[in-house]
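*Asks:* Show me how the following folds:
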Amino acid sequence: MSKLPDVFADPEDSQLVADAKKQIPEDNEYHYTERDVILYNLGIGATERELQWTYEGHEDFGALPTFGVIPQFVASAGLPLGWLPNFNPAKLLHGEQYLSIKAPIPTEAKLVNETRLLEILDKGKAASVATIVHTRDMTTGKLLFENQSTVFIRGAGGFGGKRTGADRGAATAANLPPNRKPDAVVEEQTLPTQAALYRLSGDYNPLHASALFTQDCIQCI
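*Replies:* The predicted structure is shown next:
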């Protein structure tokens, strides 16, 4: 089966970044069931009236497409960033997320994540760190998802090397809306409990749950 390169080397990388990229993380397993699919669908707004997303017995039951970001959370979030100067997790912001769905999404599966540091930029007073995760079926090796995640860490710059990111195709392409009126307009109201429910699918960033953590982040800006 095709695998990610061991290192996404770049001649513009500083020595600090080059060394960090050489630390190859172990592959990470992720198992989920129909219950996890329902929990995710509810967490992003599906309701009890939409049985396709909330009842496993429905003939068209399935995961909403953005479920593809969930299996990779434990892998991308688990990459150590302590090698960055002055790293403080309270100053980390999720900046960008690219998801490419490579195959139909099973309603239950045993998967494995392969993770690499992809691109690290010195933004002066901050750092931008992009990771790539390929998620495959453990049994067949079939690629289901590719995720590219970018986090922005304030106060962690000054290590040298690249300041501007490379063209990574669809992952960095601008998504410009057409210059015309929308085909349709839909308004939805987010439920007060939705963020707390969503995070149970694996996005455990305390910013989604704790007002105290959020206040600490505001104070450290």
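
*Asks:* any chance you could map the helices in this structure?
*Replies:* 15-21, 34-43, 51-54, 73-76, 194-198, 211-219 (DSSP state H).

*Asks:* model confidence over the fifth one, on average?
*Replies:* In this case it means helix 194-198. For helix 194-198, the mean per-residue pLDDT is 90.

*Asks:* Quick one: residues in contact with it.
*Replies:* Residues outside helix 194-198 that contact it (C-beta atoms under 8 Å, 6 or more residues apart in numbering) are 39-40, 42-45, 191, 208-209. All C-beta atoms are positioned from the backbone trio N, CA, C, and that covers glycine.

*Asks:* which among the residues you listed gets closest to residue 145?
*Replies:* Minimum separation from residue 145 among these (C-beta to C-beta) is found for residue 40, which lies at 13.7 Å.

*Asks:* residue contacts, the closest residue to the closest one other than its chain neighbours?
*Replies:* Take residue 40 and drop its neighbours on the chain: the residue closest to it by C-beta to C-beta, 6 or more residues apart in numbering is residue 201, 4.5 Å away. Residues in contact with residue 201 (C-beta under 8 Å, 6+ apart) are 36, 39-40, 43, 70.

*Asks:* now that we have those residues, which one has the most neighbours?
*Replies:* Within those, most neighbours by other C-beta atoms under 10 Å means residue 40, with 24 neighbours.

*Asks:* thought that residue was touching residue 67?
*Replies:* Yes. At 5.3 Å, residue 40 and residue 67 qualify as touching, with contact defined as C-beta atoms under 8 Å.

*Asks:* list residues touching both of these two?
*Replies:* Here residue 40 and residue 67 have no joint contacts, going by C-beta under 8 Å, 6+ apart.

*Asks:* What are the boundaries of the strands in this protein?
*Replies:* For the chain, applying DSSP state E gives strands covering 28-32, 92-101, 109-122, 126-137, 143-154.

*Asks:* Among those strands, which comes closest to residue 13?
*Replies:* Counting by C-beta to C-beta, residue 13 lies closest to strand 109-122 out of the strands of the chain; the figure is 7.2 Å.

*Asks:* So what are the sheet partners of that closest one and their directions?
*Replies:* Its sheet considered, strand 109-122 pairs with strand 28-32 (antiparallel), strand 126-137 (antiparallel) by DSSP bridges.

*Asks:* Could you export those as TSV, including distance to residue 153 and mean neighbour count?
*Replies:* Converted to TSV, these look like this (distance: least, C-beta to C-beta, whole Å; neighbours: other C-beta atoms under 10 Å):
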stretch	distance to residue 153	mean neighbour count
strand 28-32	22	17
strand 126-137	5	22
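
*Asks:* May I see those organised as CSV, with mean pLDDT and distance to residue 3 added?
*Replies:* As requested, the strands paired with strand 109-122 are exported to CSV (pLDDT from 0 to 100; distance: least, C-beta to C-beta, whole Å):
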stretch, mean pLDDT, distance to residue 3
strand 28-32, 97, 14
strand 126-137, 98, 8
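
*Asks:* right, and those - which one's nearest residue 10?
*Replies:* It is, among the strands paired with strand 109-122 and with distance given as C-beta to C-beta, strand 126-137, at 11.4 Å.

*Asks:* picking that back up, closest to residue 82 out of the helices of the chain?
*Replies:* Taking the helices of the chain one by one with C-beta to C-beta, helix 15-21 is closest: 9.9 Å.
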